[in-house]
Every structure is written in structure tokens, then in C-alpha cells.
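[1] The sequence and its predicted three-dimensional model are supplied below.
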Amino acid sequence: MYGLMTTLPAAHGALAAIAFGFLFPLGSILMRVVPGRAALFVHGFVQLFSYATYIAGAGLGLYLVSIVHFPPENKSLLDMASTNAHPIIGIALLVALFIQPVLGVAHHRRFKRLKRRTWVSYAHLWTGRLGITLGIINGGLGFALARTQGPAVIAYAVIAGTMWVLWVLIVLLRKFRTGPRAEQREKIAEEGDREAYVPGVRGGGGSSSSRSGSRSPPAPAIVPAAEPDLPPYEPGPDYAAHTAHLRQTASRDSRGSKDDWEGHGSSRRDEDPGPIQSATDDEMGRGQV
């Protein structure tokens, strides 16, 4: 029993330390340094292997919680405030990281379709970032709980600290180099989502032009035709009298015979235009004809 109680904590600590102190940060780093589509598969494989490693370590930890009790009240590690921080954080990480693969697949599919990040993307990113950081801290709490000292603690601190700093630096460097372009792409995508529906354009029926990314020219605006009796400008004060006289003259002419028109045509042309001409002059003077 004494040998088991010595081996189990060591195995639990080694597996959890390897998962959070090395493998999880490595998987996140590889996502940003491996070129092309291979980065996605490398990232997914390493992170799944890291999680499997942590599941093994967490399983040993839960077993230790179930068999270790402290006198005189026979309390477990979870029952005492001085010792329950490490197991509680470990259980929380085990549950939170369980949904990471689901969030990762959803993030990849949405980003591939929309060409921008959504809430799923940020949930996946920040669950991973907080999980790795909290896991490294929880490793230190575990060493303190086990009262471990010496080379093992120093090695964990150096390796985990180096991997965490390297991971953060790569994330910041990548964001600094691609941030403006990424923000521009997201802005263009968001503006495109707010555009009106146009057939053949993204979201407009799924034609070949939408799949190829090309845009059809916008349709010309349709201007309603003006009323036939109204001019395309604001009439002057004599316009009503002018048009009324023209209509009256046209009506009188239509009632007359052809001979009557030919007999009186010359005299009508010689008449003084009077108010008709003055109305026309007024419109011309105002620039409204």
C-alpha cells in the first residue's frame, strides 16, 4: 500500500505536467508555425493526444481523492479548504477541455464558410488559452500539495514556463503581423453580409458567380415616368394659363373642318399672340422651358 501511495501521485503528477507543461502549448504553437492545411491536422492530433494524456493523469488523481482521507474526521482532499483547490481546478479543466474538439470543428467549419471568426472561434481560442494557463498553475499547486521539492519541481517550472512564454510570444507576433489584414477581411465580410440581396452575388441564389467570388454589376435604378401633363420642372406663374390656352386652341381646331383651317390659317398666324407669347417668354426667361 505504501508503494502504491508513492507511485500513484508521481504518475498523476508526471502525466498532468507533461500534458499542460509541454504538449498543450506545443499543439497551439504548431497551429501557428506549420504551413498550409497540415497545421490543422497537426494541431488537432497533438491536442487530442494531450487531452488523452491528461485524462489518464486526471483519472489517477480522482482515484487518489477517493482513497486518501485525513484523520481525525476522515476527510478527503475535496472536503478541506486547504487542499481542495488543486482537485477542483483539475476537474474543471477536465470538463472544460472535453468540449474543445467540438468547438474546434465548429470554428473551422464556420471560418471556412464565412472567412471570419465568430463567437465559436473566440470560445475555442479563449477556452484553450485559459485552460493551458490554469493547467500550468494547477501543476504548481499539485507539487505544493504533495510537498515535492528538488529537480522535478525545477524541471517543471523551467519547461512549462519556457513553453508558455514561447507560446504567448508566437501568438502575439502572429497577431501583430496579420492583425490589420485580418481585421480588414472581417470588416469586408461584415459589410458584405449587410448588402442588399442581388441574384448571382453571395447569398443571392448560389450561382456560379457567387461561388467564384465575383460580383455582378448592380442593376440600374428604375425612375418612375413623369406625369404626361406635368413638366419635369416647377412651373412658373403663367404656365397654367399658357397650357389652358393651348388646349383650348387644339380643341377648337379639331372641331373645325380642313377647309376652314386653310381659309383662316393665314389670319390666325398674323394675329397678335398676346398672352400666349408673353407666357412663353416668361417661362423662357425663368429657364423653365
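    Arrived safely, thanks for sending.
[2] Just give the number of residues close to Ile29.
    For Ile29, the neighbour count with other CB atoms under 10 Å is 18. For the C-beta atoms, the positions are set from N, CA and C on the backbone; glycine is no exception.
[3] OK, contacts around it?
    Contact partners of Ile29, counting by CB atoms under 8 Å, 6 or more residues apart in numbering, are 163, 166-167, 170.
[4] And the residues you listed, which two are furthest apart?
    Greatest spatial distance among the contacts of Ile29 (CB to CB): Met163 and Ile170, at 10.7 Å.
[5] the more surrounded of these two?
    Counted by other CB under 10 Å, Met163 and Ile170 do not tie: Met163 has more neighbours, with 21 against 17.
[6] which residue packs closest to that one, ignoring adjacent ones?
    Leaving out its chain neighbours, the residue that sits closest to Met163 by CB to CB, 6 or more residues apart in numbering is Pro25, at 4.0 Å.
[7] backbone phi and psi for that neighbour, please?
    Here is the backbone geometry of Pro25 (degrees, to the nearest 10): phi -60, psi -40.
[8] I figured it was touching Gly161, is that so?
    No. Counting by CB atoms under 8 Å, Pro25 does not reach Gly161; the two are 10.4 Å apart.
[9] Those two: who's more crowded?
    Each of Pro25 and Gly161 has its neighbours counted (other CB under 10 Å); Pro25 has more, 27 against 12.
[10] Next, the contact list for that one, please.
    Going by CB under 8 Å, 6+ apart, Pro25 touches 132, 163-164, 166-167.
[11] In this protein, what residue spans correspond to helices?
    Here the chain has its helices, by DSSP state H, at 2-18, 24-33, 38-67, 85-96, 100-114, 119-146, 151-193, 208-212, 239-255, 258-270, 275-285.
[12] Going by mean pLDDT, which of those comes out lowest?
    Averaged per stretch, pLDDT over these is lowest on helix 208-212, reaching a mean of 42.
[13] hmm, who's touching stretch 86-96?
    Under the criterion CB under 8 Å, 6+ apart, residues 16, 54-55, 58, 61-62, 65, 77-78, 127, 131, 134-135, 137-138, 141-142, 145 lie in contact with stretch 86-96.
[14] again, 7 Å this time
    With CB atoms under 7 Å, 6 or more residues apart in numbering as the contact definition, stretch 86-96 has outside contacts at 58, 61, 65, 77-78, 127, 131, 134-135, 138, 141-142, 145.
[15] With distance to Glu73 added, can I get the helices of the chain in a markdown table?
    As requested, those are exported to a markdown table (distance: least, CB to CB, whole Å):
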| stretch | distance to Glu73 |
| --- | --- |
| helix 2-18 | 20 |
| helix 24-33 | 37 |
| helix 38-67 | 16 |
| helix 85-96 | 18 |
| helix 100-114 | 38 |
| helix 119-146 | 19 |
| helix 151-193 | 30 |
| helix 208-212 | 69 |
| helix 239-255 | 105 |
| helix 258-270 | 126 |
| helix 275-285 | 107 |
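[16] Determine which stretch of the ones you listed is the most buried.
    helix 24-33 (a mean of 20; mean count of other CB atoms under 10 Å).
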